[in-house]
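> Any chance you could fold what I've pasted below:
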Amino acid sequence: MELLSRALLILLAMLLLLLALEWNLDWKHLGSAPGGHYCIEEKLAAAGRDSSWDFGLLGVPHCKDFIPLYESRPIKQYQRGALGLDHSFGLWFLARRLQPEIIIESGGHRGHSTWILRRAVPDARIIALGTEHPSYVHANTIYVTRDNDFGSLDWDNLLNPSIRKAKILLVFDDHQNQFKRVLQARNAGFQHLIFANNSDTGSGEAYSLRQVCDQQSTGGGHNCSIDSREAAARSQRKKSWDRAIEISEICSSKGEWWGVRGQMRDKPDRASVYITHRDHVRNHGIFDSMLQTYWELPPVASPGLSKQRSYDPARTPPPLLGDEDSVVFDAMGLSQLEPWQFGDYSQLVYVRLDG
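I've put the predicted structure just below:
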């Protein structure tokens with residue numbers, strides 16, 4: 001009898017251990033902080049060794065300088081797809097930090113991002129591709145029609161050969177396949193890239209770098225069972241966050257979770273190409289092989305301060321200002337902004353390719 005009781009206790013302990021392991025495996029997908037080591041863990045060391053890249057040191061002071069500038073922007077009405085406060089600040093911060101001589105911008109919409117870049121680097125030459133009837137126009141900016149796609153242009157012939165490619169910054173907000181854009185940029189010899197609309201797995205109009213980096217080998221991948229802990233957690237979070245993604249949005253009926261239900265999306269012609277999991281893993285390997293830095297810029301403020309209920313904070317890097325920073329938030333004038341200005345965050349990312 002005593003032996004049977006001991007065996008039952010051991011069996012119960014094993015079951016509890018398995019449940020705990022399942023919980024951790026499911027929750028790691030929601031609790032990861034991609035701004036730290038989400039994609040390529042050790043390759044962030046190049047940025048991490050330089051303390052000037054530390055948002056904890058430079059982010060808040062720069063942000064304080066940025067708010068009055070942001071309030072003076074010429075395009076103030078809400079526009080779907082335009083950069084909100086978080087991405088405007090991230091773009092401005094990075095451009096000021098990199099100080100490029102030339103900026104090539106693909107997808108400038110009505111010119112808000114061009115204005116941000118101009119304020120960050122006043123003397124830079126900006127080439128704006130695909131800007132639609134810009135509300136902001138500047139004399140030192142070259143505007144190129146939508147018929148000329150970044151990948152179809154011969155940049156070696158278009159650019160002055162005396163300009164080093166390392167002094168050129170590419171900004172993509174064109175909702176196109178970001179993996180494709182990385183390959184195009186690398187083939188043309190560019191190193192510094194910024195991507196807006198870096199959508200999470202299961203969402204977005206295009207195959208994003210965040211989707212490329214979502215691999216089981218890097219702590220990603222997803223459990224497509226509707227009975228899994230991950231499915232339950234995502235369903236619960238959907239009640240609080242408008243853009244939280246449920247497991248049914250991530251997985252196809254065949255269990256394809258990579259990209260958007262197994263699709264590698266590309267917006268220009270509404271193309272959705274199905275790829276195998278092997279191809280998805282291969283894409284990550286190619287990206288990894290040329291990558292020096294992958295850095296997702298954090299939101300400016302926590303939802304507790306900004307009152308936004310759009311993006312899910314469980315899937316973002318920690319904000320510059322947490323709930324405990326309400327005094328700083330108020331002092332910077334951020335409490336005077338409407339909540340919608342904080343709601344368009346989608347993991348704007350800086351990428352540096354090997355030279």
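> When you work out contacts or count neighbours from here on, use the C-alpha atoms and nothing else.
Will do.
> Next, Phe195: phi, psi?
phi -120, psi 120 (degrees, to the nearest 10).
> what's around it, how many residues?
26 (other CA atoms under 10 Å).
> that's a strand at Arg243, yeah?
No - using DSSP: H, G, I helix; E, B strand; the rest coil, the assignment for Arg243 is coil, not a strand.
> gap between Ser203 and Asn223?
Distance, Ser203 to Asn223, using CA to CA, to the nearest Å: 17 Å.
> ditto for His175
27 Å.
> which of these two has more neighbours?
Comparing His175 with Asn223 by other CA under 10 Å, the one with more neighbours is His175, at 23 against 19.
> so where does that one fall, helix or strand?
Here His175, judged by DSSP states H and E, is contained in no helix and no strand.
> and it, what does it touch?
Residues in contact with His175 (CA atoms under 8 Å, 6 or more residues apart in numbering) are 107, 197, 205-206, 266-268.
> ok, now with 10 Å
81, 106-107, 195-199, 204-208, 265-268 (CA atoms under 10 Å, 6 or more residues apart in numbering).
> again, but for Gly151
180-181, 183-185, 187-188.
> of those residues, buried ones?
Buried members of the contacts of Gly151, counted by 16 or more other CA atoms under 10 Å: 180-181, 183, 185.
> where does the stretch 251-355 of the chain dip in pLDDT?
Along the stretch 251-355 of the chain, segments meeting pLDDT under 70 span 268-270.
> Quick one: the helices in it, in order.
All helices of the stretch 251-355 of the chain, identified by DSSP state H, counting those that start in this stretch, fall at 277-290, 303-306, 326-331.
> As TSV, those with distance to Lys254 would be great.
Formatted as TSV, the helices of the stretch 251-355 of the chain follow (distance: least, CA to CA, whole Å):
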stretch	distance to Lys254
helix 277-290	12
helix 303-306	35
helix 326-331	46
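> Let me have those in JSON lines, extended by distance to Val260 and mean neighbour count.
Formatted as JSON lines, the helices of the stretch 251-355 of the chain follow (distance: least, CA to CA, whole Å; neighbours: other CA atoms under 10 Å):
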{"stretch": "helix 277-290", "distance to Val260": "11", "mean neighbour count": "15"}
{"stretch": "helix 303-306", "distance to Val260": "26", "mean neighbour count": "19"}
{"stretch": "helix 326-331", "distance to Val260": "36", "mean neighbour count": "14"}
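> Quick one, which of the ones you listed gets closest to Val121.
helix 326-331 (26.2 Å; CA to CA).
> for the closest one, packing partners?
Applying 3 or more CA pairs under 10 Å, 6 or more residues apart in numbering; DSSP states H and E, one finds that helix 326-331 contacts helix 55-71, helix 303-306.
> follow-up on the earlier one: list just the nearest of the contacts of Gly151 to Leu337.
Distances from Leu337 to the contacts of Gly151, taken by CA to CA, are shortest for Arg181, at 33.9 Å.
> For that closest one, give me its contacts.
Listed by CA under 10 Å, 6+ apart, the contact set of Arg181 reads 150-151, 172, 187, 193, 195, 208-209.
> Please identify which pair of the residues you listed lies farthest apart.
Asn187 and Ser208 (18.7 Å).
> those helices in the stretch 101-250 of the chain, which residues are they?
Using DSSP H, counting those that start in this stretch, helices in the stretch 101-250 of the chain cover 112-120, 155-158, 178-187, 209-213, 229-238, 247-250.
> most neighbours per residue, which of those helices?
Most buried of the helices of the stretch 101-250 of the chain, by mean neighbour count (mean count of other CA atoms under 10 Å): helix 209-213, with a mean of 26.
> what distance separates the start and the end of stretch 185-199?
Start-to-end span of stretch 185-199 (CA to CA) is 20 Å.
> To clarify, my last question referred to stretch 327-342.
18 Å.
> Kindly report the same for stretch 255-273.
16 Å.
> Then stretch 151-167?
Using CA to CA, the two ends of stretch 151-167 sit 19 Å apart.
> thought Ile168 was touching Trp155?
No - when contacts are counted by CA atoms under 10 Å, Ile168 is not listed as touching Trp155 (11.4 Å).
> joint contacts of those two?
Counting by CA under 10 Å, 6+ apart, the residues touching both Ile168 and Trp155 are Phe190.
> Ranking helices and strands of the chain by mean pLDDT, which lands last?
helix 34-37 (a mean of 34; mean pLDDT, DSSP states H and E).
> thinking again about what came up before, just the contacts of Arg181 now: which is nearest Leu353?
Closest approach between those and Leu353, by CA to CA: Leu193, at 8.1 Å.
> So in terms of bridging, what pairs with Ile127?
Taking DSSP bridges as the rule, Ile127 bridges to Ile104, Ile142.
> same thing with Met264?
Val273.
> Need the residues that contact stretch 302-309.
240-244, 300-301, 310-313, 318-326, 329-330, 334-344.
> Put the buried members of the residues you listed into a ChimeraX selection.
In ChimeraX, this line selects whichever of the contacts of stretch 302-309 come out buried by 16+ other CA under 10 Å:
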select :241,243,244,300,301,310,311,312,313,318,319,320,321,322,326,329,334,335,339,342,343,344
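> quick one: which of the contacts of stretch 302-309 sit in strands?
Residues of the contacts of stretch 302-309 located in strands (DSSP state E): none.
> Lys239: what's it in contact with?
If you count contacts by CA under 10 Å, 6+ apart, Lys239 has none.
> Quick check: Gln176 vs Ile103, distance?
18 Å.
> Need the per-residue pLDDT for Ser152.
pLDDT, Ser152: 89.
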